[in-house]
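Engineer: Starting from these lines, generate the structure:
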Amino acid sequence: MTVRVGVLGATGAVGQRLIQQIDPHPDFELAALTASSASAGKSYREAAKWRVDSPIPADVADTTVVATDPDEVPDDVDLLFSSLPSSVGEEVEPAFVEAGYVMSSNSSNFRTDEDVPLTIPEVNADHLGLIEVQRDERGWDGALVKNPNCSTITMVPPLAALDEAFGLTDVRVSTLQAVSGAGYSGVTSMEIIDNAIPHIGGEEKKMETESRKLLGEFDGAEVHWNDAEVAASCNRIPTLDGHLENVWADTAEDVTVEDAAEALREYPSIDLPSSPDQLIKVFEDPDRPQPRLDRNQSDGMGISVGGLQETADGLQFNCLAHNTIRGAAGASVLNGELLLEEGYI
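Structural biologist: Numbering: from 1, shown residues only. Next up is the predicted model:
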């Protein structure tokens, strides 16, 4: 079965990554590209300043970009991927879902709404059941599913493995986040070269709330958020791609480095095209993972963990993921695959 898909916000950084991920996909066929009114009517080649590290797909380059409006997207598009700015997505995405479109969105709006699935398929695929609640409560014919923030998605799979094995009580995280997480124009060279910025607006709150929802239990009607306390400090550093994070996880049960490493390695992946065979790779070397060396593990969809150390109350570790692939475009595509697998498309 080939699913016709569209990308909302196709000319931006995440939109370009989405096209890179979708163009060779075995199940998805690009059928619609949207952008602002300034780009509507132009070919994609003209509208997008292509910056991804592979050539612009030839069959996409000449596609005409349309306005981000439900009336402009063909009715036979089965699935939409949204990479819109949250301020735009908050207004536009409900209009598409009301019109009957199923949407996998990377935008931050609605992520913590009670009836909106926030999913990492390997961690909480069952949360997709919120779609039925969403349709009943909002009267939507389509469906809206979110993937989490790029920094949240880096630490949650390792935390899920540890929570399952030992129980989590408290989590503290300090991030070292790549500049691509801010978009192409988000941080100027004069700000970040020879520098580190110890604040990323809104990022701490996203990590502290989204992680607890992702690790929560779905009872068929609502998600009961995980009880662990989460505190985050987010920092921008001059790497291009790959968010590195230092995590302190306090556990309910005693944990050793050996038992934690086994739990992380054995944490299962999921049988979807974009999910790696091994979700979490554990390094024994204390100086790994590193962004430049490890961000492209499993085509950018893997999670790397290293620096495991026992603490008085649990475990300390470092984790890394490619922020624009696993943390954004790839996460949205994976959610699209889950929607297809579960029969919502």
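Engineer: where do the helices sit along the stretch 1-150 of the chain?
Structural biologist: Secondary structure of the stretch 1-150 of the chain (DSSP state H, counting those that start in this stretch): helices at 13-22, 44-47, 58-61, 86-98, 121-124, 130-138.
Engineer: relative orientation of the last one and helix 86-98 in degrees?
Structural biologist: Between the direction of helix 130-138 and that of helix 86-98, the angle (axes from the mean of the first three to the mean of the last three C-alpha atoms, to 10 degrees) works out to 90 degrees.
Engineer: buried residues in helix 130-138?
Structural biologist: 130-131, 133-135 (16 or more other C-beta atoms under 10 Å). Using the backbone N, CA and C atoms, a C-beta is placed for each residue, glycine as well.
Engineer: where do the strands sit along the stretch 201-345 of the chain?
Structural biologist: 217-218, 223-224, 229-236, 243-251, 280-282, 303-310, 314-321 (DSSP state E, counting those that start in this stretch).
Engineer: what does the stretch 51-200 of the chain give?
Structural biologist: Under DSSP E, counting those that start in this stretch, the stretch 51-200 of the chain gives strands at 66-67, 79-82, 102-105, 143-146, 168-177.
Engineer: Mean pLDDT added to those, as a markdown table?
Structural biologist: Shown next, in a markdown table, are the strands of the stretch 51-200 of the chain (pLDDT from 0 to 100):
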| stretch | mean pLDDT |
| --- | --- |
| strand 66-67 | 96 |
| strand 79-82 | 98 |
| strand 102-105 | 98 |
| strand 143-146 | 98 |
| strand 168-177 | 98 |
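Engineer: re earlier: so which of the strands of the stretch 201-345 of the chain is the most packed in?
Structural biologist: strand 314-321 (a mean of 24; mean count of other C-beta atoms under 10 Å).
Engineer: contacting residues around it?
Structural biologist: The contact list for strand 314-321, computed with C-beta atoms under 8 Å, 6 or more residues apart in numbering, reads 150, 153-155, 158, 162, 166, 169-170, 242-251, 255, 257, 260, 289-291, 294-295, 302-310, 327.
Engineer: if you average pLDDT over it, what comes out?
Structural biologist: Averaged across strand 314-321, pLDDT comes to 98.
Engineer: tell me which residues in the lowest-mean-pLDDT helix or strand in the chain are buried?
Structural biologist: Of all helical and strand segments in the chain, the minimum by mean pLDDT, DSSP states H and E falls on helix 58-61, at a mean of 93. Neighbour counts over helix 58-61 (16+ other C-beta under 10 Å) mark V60 as buried.
Engineer: got the contact list for it?
Structural biologist: So helix 58-61 is contacted by 19, 23, 30, 33, 43-45 (C-beta under 8 Å, 6+ apart).
Engineer: and what of stretch 283-291?
Structural biologist: 178, 239-244, 281, 294, 297, 304-307, 318-320.
Engineer: Report the backbone C-alpha coordinates of the least confident helix or strand of the chain in PDB.
Structural biologist: What follows is helix 58-61, C-alpha atoms only, in PDB (Å, rounded to 0.1, in the frame of the first residue of the first chain):
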ATOM      1  CA  ALA A  58      14.700  15.400  -8.600                       C
ATOM      2  CA  ASP A  59      11.000  14.400  -8.500                       C
ATOM      3  CA  VAL A  60      10.400  16.900  -5.700                       C
ATOM      4  CA  ALA A  61      12.400  19.900  -7.100                       C
END
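Engineer: Centre of the chain to that helix, how far?
Structural biologist: Taking C-alpha atoms, centre = their mean, to the nearest Å, the mean C-alpha location of helix 58-61 is offset from the chain mean by 25 Å.
Engineer: Stretch 110-127 now?
Structural biologist: 11 Å.
Engineer: same thing with stretch 240-255?
Structural biologist: 18 Å.
Engineer: Check the average confidence over it, would you?
Structural biologist: Stretch 240-255 comes out with an average pLDDT of 98.
Engineer: So, low pLDDT: which residues of the stretch 201-345 of the chain?
Structural biologist: Judged against pLDDT under 70, the stretch 201-345 of the chain has no low-scoring part.
Engineer: Helices along that one, start to end?
Structural biologist: Assigned by DSSP H, counting those that start in this stretch, the helices in the stretch 201-345 of the chain fall at 203-214, 257-266, 291-294, 330-341.
Engineer: got the angle between the first one and strand 168-177?
Structural biologist: This means helix 203-214. Using the same axes, to 10 degrees: helix 203-214 against strand 168-177 is 140 degrees.
Engineer: Just name whatever secondary elements helix 203-214 is in contact with.
Structural biologist: In this structure, helix 203-214 makes packing contacts with helix 152-166, strand 168-177, strand 229-236, judged by 3 or more C-beta pairs under 8 Å, 6 or more residues apart in numbering; DSSP states H and E.
Engineer: So which of these is nearest I192?
Structural biologist: strand 229-236 (6.5 Å; C-beta to C-beta).
Engineer: Return that closest one as CSV; C-alpha atoms alone will do.
Structural biologist: Extracted C-alpha coordinates of strand 229-236, given in CSV (Å, rounded to 0.1, in the frame of the first residue of the first chain):
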residue,chain,number,x,y,z
GLU,A,229,10.3,14.7,39.2
VAL,A,230,12.2,16.1,36.2
ALA,A,231,14.4,19.1,36.3
ALA,A,232,16.3,20.4,33.2
SER,A,233,19.0,22.9,32.3
CYS,A,234,19.3,23.5,28.6
ASN,A,235,22.4,24.9,26.9
ARG,A,236,23.3,25.8,23.3
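Engineer: Sweet, I'm off.
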